[in-house]
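*Asks:* Take this sequence and fold it.
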Amino acid sequence: MKSKWGSLMNEFLSKLQFEVRNIFLTKSDNKENISSMTAYRFTDKQIYMPQTENPYLYIVLDGTFRLYTSSGIIDYMAGQYSISKIDTPLCGTILSFSEHQDFLAIALKLTNNEVIAAVLDVDNALIEKIMKESISKQQRILADDTVIQSVYRLFSTMKQSLASDFIRKNIIREIIYYVLCGSCGKQFLQTITNIQKIDEIYEANNWIKQNFRSSFTVGSLAEQQNMSVSLFHQKFKNAVGMGPLQCQKRLRLTEARRLMLDENRNVTEASLEVGYESVSQFIRDYKKIFGAAPKEDILHFKQQLKK
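*Replies:* Numbers count the residues shown, from 1 in each chain. Next comes the predicted model:
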């Protein structure tokens with residue numbers, strides 16, 4: 001039996017689905033900007049994630065989708081949300097559409113100042129609980145449900161000319177607070193901690209995400225950022241947790257994993273498609289990163305998905 005609170009979350013989720021779907025009744029585009037929010041409706045299997053150096057929430061309204069990241073494979077269903085991270089890929093894969101044969105989502109873009117100001121007001125004892133992940137599961141679920149309700153309230157104010165910036169700003173602060181208390185709280189705090197570091201290398205990191213199949217040198221990236229090679233490499237590693245070439249390697253291997261899982265490419269096809277010239281080198285790198293050879297890894301995941 002669902003709790004009263006869970007039923008309320010489903011009610012607000014249904015309202016958001018209705019509102020967003022209505023936006024696209026007369027539009028051919030797959031996105032609509034509404035102030036700091038962007039509504040999305042996709043009918044193709046591949047979706048594109050927001051491209052911004054600022055933190056954002058990506059809330060699934062209807063359908064399910066999957067992100068392949070360097071830290072693992074994550075599936076999201078209606079009512080769940082992802083937090084932007086430095087390794088958030090450019091694209092996601094839709095696993096299932098809604099009964100309307102579409103996928104609906106909302107992205108809430110936050111400014112660095114909004115996030116930092118809200119976090120500075122949070123009690124230090126709560127920050128410690130978030131970092132230690134000692135908030136109870138029930139409390140995290142409750143916080144995640146409240147995020148959906150607050151997003152609906154914010155969405156409603158975006159369409160009201162009488163709603164003041166004061167109201168919107170306070171709802172955004174409320175959303176930030178409940179995200180911190182929810183299932184993505186620790187991840188969100190870590191993202192906030194890296195905001196300044198990420199800002200300095202965002203363009204280079206985004207370029208690598210778009211061009212990881214091609215060869216490049218750290219020197220060429222450093223030159224684009226008007227930095228010395230050593231300074232650029234240090235700043236990149238501080239923000240991303242690895243050097244630019246290691247980042248490229250992880251992106252290649254993560255995309256190869258997606259190709260083998262989602263598009264049934266064999267090992268050779270996947271390795272060549274992501275930019276490897278040597279299949280044997282690809283297999284060695286894959287095993288080092290994911291802990292198993294490509295065939296074993298993909299077989300394991302397919303077996304897990306059948307359960």
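*Asks:* Quick check: which element contains the closest residue to Glu273 other than its chain neighbours?
*Replies:* Nearest non-adjacent residue to Glu273, counting by Cβ to Cβ, 6 or more residues apart in numbering: Leu259, 6.1 Å away. Heads up, the C-betas are built off the backbone N, CA and C, glycines and all. Following DSSP states H and E, one finds Leu259 within helix 244-262.
*Asks:* What is that helix packed up against?
*Replies:* With contacts defined as 3 or more Cβ pairs under 8 Å, 6 or more residues apart in numbering; DSSP states H and E, the packing partners of helix 244-262 are strand 64-69, helix 195-211, helix 218-224, helix 229-240, helix 267-273, helix 279-290, helix 294-306.
*Asks:* Next one: the closest residue to Ala256 other than its chain neighbours from Ile171, what distance?
*Replies:* Residue nearest to Ala256 in three dimensions, not counting chain neighbours: Ala270, with 4.1 Å by Cβ to Cβ, 6+ apart. From Ala270 over to Ile171 the distance is 44 Å, taken as Cβ to Cβ, to the nearest Å.
*Asks:* between these two, which one's more packed in?
*Replies:* Ala270 (26 against 20; other Cβ atoms under 10 Å).
*Asks:* in the helix holding Leu259, what's buried?
*Replies:* Within helix 244-262, the residues scored as buried using 16 or more other Cβ atoms under 10 Å are 244-245, 247-261.
*Asks:* Quick one, grab the pLDDT at the residue nearest to Glu273.
*Replies:* Among the per-residue scores, Leu259 holds a pLDDT of 94.
*Asks:* try the one 5 residues further on
*Replies:* Note for Asn264: predicted pLDDT of 92.
*Asks:* Now do the SS call for it.
*Replies:* Using DSSP: H, G, I helix; E, B strand; the rest coil, the secondary structure recorded for Asn264 is coil.
*Asks:* Quickly, which of the helices and strands packed on helix 244-262 bottoms out on average pLDDT?
*Replies:* Taking each of those in turn, the lowest mean pLDDT turns up on helix 195-211, with a mean of 81.
*Asks:* then that one to PDB, C-alphas only?
*Replies:* Listed in PDB are the C-alpha atoms of helix 195-211, where the atom choice follows Å, rounded to 0.1, in the frame of the first residue of the first chain:
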ATOM      1  CA  ILE A 195      32.000  24.300  -8.900                       C
ATOM      2  CA  GLN A 196      35.000  26.700  -9.100                       C
ATOM      3  CA  LYS A 197      37.400  24.000 -10.300                       C
ATOM      4  CA  ILE A 198      34.900  22.900 -13.000                       C
ATOM      5  CA  ASP A 199      34.400  26.400 -14.200                       C
ATOM      6  CA  GLU A 200      38.000  26.800 -15.300                       C
ATOM      7  CA  ILE A 201      38.200  23.700 -17.400                       C
ATOM      8  CA  TYR A 202      34.500  23.300 -18.500                       C
ATOM      9  CA  GLU A 203      35.100  24.200 -22.200                       C
ATOM     10  CA  ALA A 204      38.000  21.700 -22.500                       C
ATOM     11  CA  ASN A 205      36.100  19.000 -20.700                       C
ATOM     12  CA  ASN A 206      33.100  19.500 -23.000                       C
ATOM     13  CA  TRP A 207      35.300  19.500 -26.100                       C
ATOM     14  CA  ILE A 208      36.700  16.100 -25.000                       C
ATOM     15  CA  LYS A 209      33.200  14.800 -24.500                       C
ATOM     16  CA  GLN A 210      32.300  15.800 -28.100                       C
ATOM     17  CA  ASN A 211      35.600  14.700 -29.700                       C
END
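*Asks:* any idea of the angle that helix forms with helix 229-240?
*Replies:* With axes from the mean of the first three to the mean of the last three Cα atoms, to 10 degrees defining the directions, helix 195-211 sits at 100 degrees from helix 229-240.
*Asks:* Show me the contact partners of helix 195-211.
*Replies:* 51, 53, 55, 86, 89-90, 112, 115-116, 216, 221, 224-225, 232, 235-236, 238-240, 244, 247-248, 251 (Cβ atoms under 8 Å, 6 or more residues apart in numbering).
*Asks:* switch to 6 Å and redo it
*Replies:* Helix 195-211 has contacts (Cβ atoms under 6 Å, 6 or more residues apart in numbering) with 53, 86, 90, 112, 221, 225, 235-236, 238-239, 247-248.
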